[in-house]
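Novice: Got a predicted structure plus its sequence, pasted below:
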Amino acid sequence: MAATPAETYQSREKTFAAEEDTLSAQSDKLSNLRLCSFLAAVALGSIASIWVKNQVLTALLFLLTFVCLAAFVHFVIRHLRLDRTLRRARLLKELNQQHTHRLDRKWSELPVPLSPEALEEQAVARDLDLFGHASLFHLLNTQRSPQGRAALAEWLVEMPEPSQAEARYQAAKALAPHIEWRQELAVLGEDLVDETASVYPDWLDLPIWLSEQKSILRYLPWAPWVTGASLLATIFFPIVPMIAIAVGFHFTLVSRRRAQIGESLAAISESDRKIRAFRDIFLHLLECPEKAGALADLIKRVEHANASMEELNRIATAASARGTIIHLPLIGTVAYDLRVVKRLEDWLTENKDNVRDWFETLGEVEALVSLASLAYDEPDWVQPEIKQQGSIDAKALGHPLIGPDSRVCNDVSVGPEGRFLLVTGSNMAGKSTLLRTLGLNATLAQMGAPVCAQSLSLPPLTIATSMGVSDSLVDGISFFMAELQRIKDIVNLTIEERKAGRTVLFLLDEILQGTNTTERREIVQRVVAHLIEHRGIGAITTHDLALAESEALTAHADLIHFREDFQRDADGKPSMTFDYQIREGVATTTNALKILEVIEMPV
């Protein structure tokens, strides 16, 4: 029998933990060898230089000094390579630990990825927990780059065509079994982890200024020849120091443009690690084990990215020579900084437009990899059926952010167009959770992910919510006014989307609890009438059982409820439990006073 995702992650964690221990021991050994070889070289060189007078012995000691220095360089190079391997093992161990925590929904053990603030502020995003701690984004995001985070965040709030969602699902399903390739992609992106970074790096928008300096561009190829000729002239005609004149001219060329050169070369040299990471990632994308369907198109778009990023990496390495001991001689002999800037500007001119497409493609691939991870982690979740119109029909629909040990699933139907669920029940019984369950699974379905259900069919939906409304002291808006404004937006959205041929899924939690029962009933009737008239579908929860008695509402409503179980032990101490199961009809019990008794409030 195939291993479960949990068993696979635990096995890989142990493997990489053992590899980390072995490599750490080797790293410590190499550190000692580096130190010993360096100290031996210093000691032998000192003895040969100061105390030994015998020429043969001195020569032998200097030879041994050279051997020790060569050994030191060898150990340094080996150590650097070993540390890269050690870092990879450590990252893979931690990555598999995080996947295990993700399976168990141990949110505090998972880093919270930064999401675009503009998306976080959307009402639907706040109400459905799309972003932030213990959110859908927290569950899905397994990649490192800002491009991947941005693409995944956009997918959570956009409304793609059903064919696009289908293509994403199939691509994610194809990538799901390839855990090694997916995790290697995450490891390669570790150097791109920067919560403040944008999708497009700053160096992509560097000004192109040297290309306008035609005289300098014509001179640069001749700079080494001028230096060489000046050196020969100085040797044969020492009276005129031509080499000093040439060197001074090159320093003048560079220093007069110091600010512009500094801006260009600093931006690219400071990004050298990220550029190498992009180079390696684009090479890894070309090695994708699945290249059919949507993946084939994406991989084709980056087929030249690796070679171009390799060239940019060489330019970044060249730019990093600034500040080293060879920098000033290079400026004096070949006007080095200007030559590097020219290489950079030539690269940007040739690749700038392509780079934007490469980064967008990387974001899409990483978003697909996040969906693939979900498909692998949740093998019992299913592909949703997106139909042209009709109702939401689900069997064993569960909340995707609740762990499997605590999750309670229900069969749910919402619609068809012009009908809604009226959900009643006691406090804490599961009404709000049901709304989020509907909204989150609809979001997963439309972004191309598997859904937490045995089956789910739904039409293309625009989701609108009023669940987490709050007042604003700064703006001078009361809770009641804020909720009315949100409901107005939902009504207007339903009208607009109906004109565009889309169905709105409205999810209204404890609607208009900021006013009295009589006015609440009248307003709710009017609001629902507008939503139903424009063929919306949805669910409304309420504690107010009087709403369930309104014929204007119940004519278009399917009534369901949740309930609690209240018991006393042998000592008379009360307790309350919930089974979170949907039942037909209107709730027959309330529990606010019972909760006061359970928590032993002295009132």
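Specialist: Great, that's in hand. Note that the structure is predicted; figures quoted are calculated from it, not measured.
Novice: got any ranges where this structure has weak pLDDT?
Specialist: Scanning the chain for pLDDT under 70 picks out the ranges 1, 51-54, 195-197, 239-240, 469-479, 514-515, 569-572, 574-576, 589-603.
Novice: Quick check: the residue nearest the centre of it vs Glu364, distance?
Specialist: Centroid check for the chain by Cα atoms, centre = their mean gives Arg149 as the closest residue, at 2.7 Å. Distance, Arg149 to Glu364, using Cβ to Cβ, to the nearest Å: 12 Å. From N, CA and C alone the C-beta is placed, and that goes for glycine too.
Novice: All the strands of the stretch 51-200 of the chain, in order from the start?
Specialist: Along the stretch 51-200 of the chain, counting by DSSP state E, counting those that start in this stretch, no stretch forms strands.
Novice: for the chain, that is, sorry about that
Specialist: Under the criterion DSSP state E, strands of the chain are mapped to 385-386, 392-397, 410-414, 420-425, 455-458, 461-466, 503-509, 537-542, 557-562, 564-568, 574-578, 583-584.
Novice: For His530, find the nearest of these.
Specialist: Counting by Cβ to Cβ, His530 lies closest to strand 503-509 out of the strands of the chain; the figure is 10.3 Å.
Novice: Per the annotation, how does the protein divide into domains?
Specialist: 1-104, 110-140, 184-377, 385-598 (automatic domain parsing).
Novice: CSV for the ones you listed, including distance to Trp155?
Specialist: Formatted as CSV, the domains of the chain follow (distance: least, Cβ to Cβ, whole Å):
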stretch, distance to Trp155
domain 1-104, 18
domain 110-140, 9
domain 184-377, 6
domain 385-598, 4
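Novice: so which of those domains comes closest to Ala171?
Specialist: Among the domains of the chain, domain 184-377 sits nearest to Ala171 (Cβ to Cβ), with 4.4 Å.
Novice: what about that closest one, how long is it end to end?
Specialist: 17 Å (Cα to Cα, to the nearest Å).
Novice: try stretch 577-585
Specialist: 20 Å.
Novice: Start the count at 466 instead of 1 going forward.
Specialist: Sure thing, new numbering starts at 466, so read that last one as stretch 1042-1050.
Novice: Pull out the buried residues from that stretch.
Specialist: Neighbour counts using 16 or more other Cβ atoms under 10 Å place Phe1043, Tyr1045, Ile1047 of stretch 1042-1050 among the buried residues.
Novice: Correct me if wrong: the second one contacts Phe1027.
Specialist: Think Tyr1045. Yes: if you go by Cβ atoms under 8 Å, Tyr1045 and Phe1027 touch, sitting 6.6 Å apart.
Novice: so what sits against both of the two?
Specialist: Residues touching both Tyr1045 and Phe1027 (Cβ atoms under 8 Å, 6 or more residues apart in numbering): Ala894, Gly895.
Novice: Excluding sequence neighbours, find me the nearest residue to Trp846.
Specialist: Pro915 (3.9 Å; Cβ to Cβ, 6 or more residues apart in numbering).
Novice: and that neighbour, how many residues sit next to it?
Specialist: 26 (other Cβ atoms under 10 Å).
Novice: List the contacts of it.
Specialist: Tyr634, Leu839, Ala840, Glu843, Trp846, Val847, Gln848, Pro849, Leu909 are the contacts of Pro915 under Cβ under 8 Å, 6+ apart.
Novice: distance of it from Pro844?
Specialist: 9 Å.
Novice: Need the residues that contact stretch 861-881.
Specialist: Under the contact criterion Cβ under 8 Å, 6+ apart, stretch 861-881 has outside partners 569-570, 594, 599-601, 604, 854-860, 885-886, 895, 898-899, 901-903, 905-906, 909, 916-921, 970, 1002-1004, 1023, 1044-1047.
Novice: Can you select the buried ones from those residues in PyMOL?
Specialist: Restricted to buried positions by 16+ other Cβ under 10 Å, the PyMOL selection for the contacts of stretch 861-881 reads:
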select buried, resi 570+594+600+601+604+856+857+858+859+885+886+895+898+899+901+902+903+905+906+909+916+917+918+921+970+1002+1003+1004+1023+1045+1047
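Novice: Which strands or helices does the longest helix anywhere in the chain pack on?
Specialist: Using DSSP state H, we find that the single longest helix of the chain is helix 520-569. If contacts are counted by 3 or more Cβ pairs under 8 Å, 6 or more residues apart in numbering; DSSP states H and E, helix 520-569 sits against helix 470-515, helix 644-653, helix 801-842.
Novice: Thank you kindly, that will do.
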